[in-house]
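# please work out how this folds:
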Amino acid sequence: MFGKIKKSFSSNFDMMIVGLGNPGLEYDGSRHNVGFAAMDALCEDTGAKCGKMKFDAYIGDTVIGGKRVLLMKPLTYMNNSGQAVGAAARFYKIPPQNILVMFDDISLEPGVIRLRRKGSAGGHNGIKDIIAVLGSEDFPRIKIGVGAKPHPDYDLKDWVLGKFRGDEKDKVKDALATTVKAVKEILARGIDSAMNKYSK
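Just a heads-up that it's a prediction; the model follows:
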């Protein structure tokens with residue numbers, strides 16, 4: 001799964017890790033931006049930085065578990081996430097199976113994460129665009145629970161762009177910490193091991 005680690009920024013990476021969200025202060029802390037929050041948590045934990053502008057995204061370069069990793073926060077807005085991911089994947093020749101995507105999932109309760117080796121978009125527009133651009137569903141992902149709409153008539157857009165409430169904030173904070181552990185496990189021992197330990 002992983003290739004030889006190189007030293008220059010323009011060379012091949014062992015893996016690309018992507019956190020999905022929308023740019024802009026108005027979206028900061030929203031349910032839809034939990035992928036960005038996961039990337040921030042990963043950077044804080046590892047001491048990495050994800051602030052260089054390239055491929056219509058904030059990117060960074062770090063080593064986790066002995067593997068050289070490209071970090072990415074697309075700035076194309078959620079529905080066009082594939083533009084940034086695809087551009088970087090083509091430039092660095094990173095195959096889909098080495099692209100790990102972290103994103104929000106309304107089918108999971110806050111505090112819960114679920115890992116998948118591959119799969120469909122499941123109604124998530126960011127994942128849908130990444131699949132379309134890469135031409136493949138075969139990339140691993142970490143779904144981070146943000147909770148379902150409180151009732152069927154509640155507008156989905158308003159829900160995912162809204163903020164977490166009450167004790168949801170603490171549950172999501174715990175989920176982000178678990179996500180960081182899962183990422184490290186994936187890089188150290190592979191997706192199967194991480195799924196066994198952290199996927200609920």
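# let me know the secondary structure of the residue located most distally from the centre of the chain.
The outermost residue of the chain, judged against the average C-alpha position, is residue 153 (28.5 Å), by Cα atoms, centre = their mean. For residue 153, the assignment made with DSSP: H, G, I helix; E, B strand; the rest coil gives coil.
# distance of it from residue 176?
30 Å (Cβ to Cβ, to the nearest Å). Yep, even glycine has a C-beta here, placed from its N, CA and C like the rest.
# what of residue 190?
From residue 190 to residue 176 the distance is 22 Å (Cβ to Cβ).
# next helix or strand past the helix or strand that contains residue 72?
Secondary structure assignment for residue 72, by DSSP states H and E: strand 67-74. With elements assigned by DSSP H and E, the helix or strand that comes after strand 67-74 is helix 81-92.
# after the lowest-mean-pLDDT helix or strand in the chain, next one along is what?
Across the helices and strands of the chain, mean pLDDT, DSSP states H and E gives its lowest value to helix 156-160, namely a mean of 80. Remark: after helix 156-160, the chain's next helix or strand is helix 168-189, criterion DSSP H and E.
# got the contact list for the most centrally placed residue in the chain?
Geometric centre of the chain, nearest residue: residue 102, 2.0 Å, by Cα atoms, centre = their mean. Contacts for residue 102 (Cβ atoms under 8 Å, 6 or more residues apart in numbering) come out as 17-20, 34-35, 38-39, 141-142, 144, 179, 183.
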